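Colleague: For reference, the sequence and a predicted model appear below.
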Amino acid sequence: MNKILEHLKNNAAIYLIVIVCIIIGVLIFQNHDNEKIEYDTRPFNIVDNKKALELFESKEPQMLVIGKKTCSASKELLPSLVIAQTTGKYKTNYLELTDLKKGSEDYNKLLELLDYEYQKDGETKPFREYMGATPMVIVIKDNKMVYGYLGPMNNTVISTIAKQYGVSNE
């Protein structure tokens, strides 16, 4: 026991430095996770839940993207959307996931409308089952969801989808 106490006395400074480094590392890691990823959504038509529902009543095909400001994949998608909408001469509708009021009547109506069958990891489920995963790219035509995709895409793929479903005006 005396050997252990003697060792601790002789090496107290080293142990103190190690403990301080661990605490600083934990604090830095914790703060890094809480940082918001900022990106510019000004090029898009920003919609709330109610306006997102109105897109399903539009006579024109619409593209709706549900993103999250703390999502790196959403941030990665946005430049491709800007290029695609600029070349296709249309406006992408953007809905911020963190602004949705889960459980509200409008939220539940939106979920009901996201009935497109989507296959992921070998499993097919209604797109609504993935609500919360971002980014979500949704195409609305003839008052229903006709296309959905989870995750980032390049501008060529987005442009192709916009043309295929009539969202693009070129």
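Modeller: Nice, thanks for sending it over.
Colleague: Nearest residue to the middle of the protein?
Modeller: With distances taken as C-alpha atoms, centre = their mean, residue 134 lies nearest the centre of the chain, 2.8 Å away.
Colleague: and the gap between it and residue 72?
Modeller: 10 Å (C-beta to C-beta, to the nearest Å). Backbone N, C-alpha and C define where each C-beta goes, glycine included.
Colleague: can you check residue 6 too?
Modeller: On the measure of C-beta to C-beta, residue 6 and residue 72 end up 50 Å apart.
Colleague: next one: residue 14
Modeller: 38 Å.
Colleague: And the two? Which one has more around it.
Modeller: Remark: of residue 14 and residue 72, residue 72 carries more neighbours, 12 against 9, as counted by other C-beta atoms under 10 Å.
Colleague: low pLDDT regions in this protein?
Modeller: Along the chain, the model assigns pLDDT under 70 to residues 8, 12, 15-16, 18, 20-21, 23-37.
Colleague: tally of neighbours for residue 85?
Modeller: Residues lying near residue 85 (other C-beta under 10 Å) number 23.
Colleague: tell me the contacts of residue 106?
Modeller: 49-50, 53 (C-beta atoms under 8 Å, 6 or more residues apart in numbering).
Colleague: again, only using 6 Å
Modeller: 49-50 (C-beta atoms under 6 Å, 6 or more residues apart in numbering).
Colleague: Which residue ranges of the protein form strands?
Modeller: 45-47, 62-67, 93-96, 117-120, 123-126, 136-141, 144-150 (DSSP state E).
Colleague: residues near residue 147, how many?
Modeller: Neighbours around residue 147, by other C-beta under 10 Å: 19.
Colleague: That one contacts residue 139, doesn't it?
Modeller: Yes: counting by C-beta atoms under 6 Å, residue 139 is a contact partner of residue 147 at 3.8 Å.
Colleague: the helices in this structure, which residues?
Modeller: In the chain, the segments counted as helices under DSSP state H are 2-10, 12-34, 49-55, 72-88, 105-113, 155-164.
Colleague: among those helices, which is nearest residue 170?
Modeller: Nearest to residue 170, of all these, is helix 72-88, at 5.3 Å by C-beta to C-beta.
Colleague: Identify the residues contacting that closest one?
Modeller: 37, 39, 43, 67-68, 92, 134-135, 151-152, 154-155, 158-159, 162, 168, 170.
Colleague: May I have it exported as CSV, CA atoms only?
Modeller: Coordinates of each C-alpha in helix 72-88 appear next as CSV, following Å, rounded to 0.1, in the frame of the first residue of the first chain:
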residue,chain,number,x,y,z
SER,A,72,-24.8,17.4,-42.7
ALA,A,73,-26.5,15.4,-45.4
SER,A,74,-29.1,18.2,-45.8
LYS,A,75,-26.3,20.7,-46.1
GLU,A,76,-24.7,18.5,-48.7
LEU,A,77,-27.9,18.4,-50.8
LEU,A,78,-28.6,22.1,-51.0
PRO,A,79,-26.0,23.2,-53.5
SER,A,80,-27.2,20.5,-55.9
LEU,A,81,-30.8,21.7,-55.5
VAL,A,82,-29.7,25.3,-56.2
ILE,A,83,-28.0,24.2,-59.5
ALA,A,84,-30.9,22.0,-60.5
GLN,A,85,-33.6,24.6,-59.9
THR,A,86,-31.6,27.3,-61.6
THR,A,87,-31.2,25.3,-64.8
GLY,A,88,-34.7,23.9,-64.6
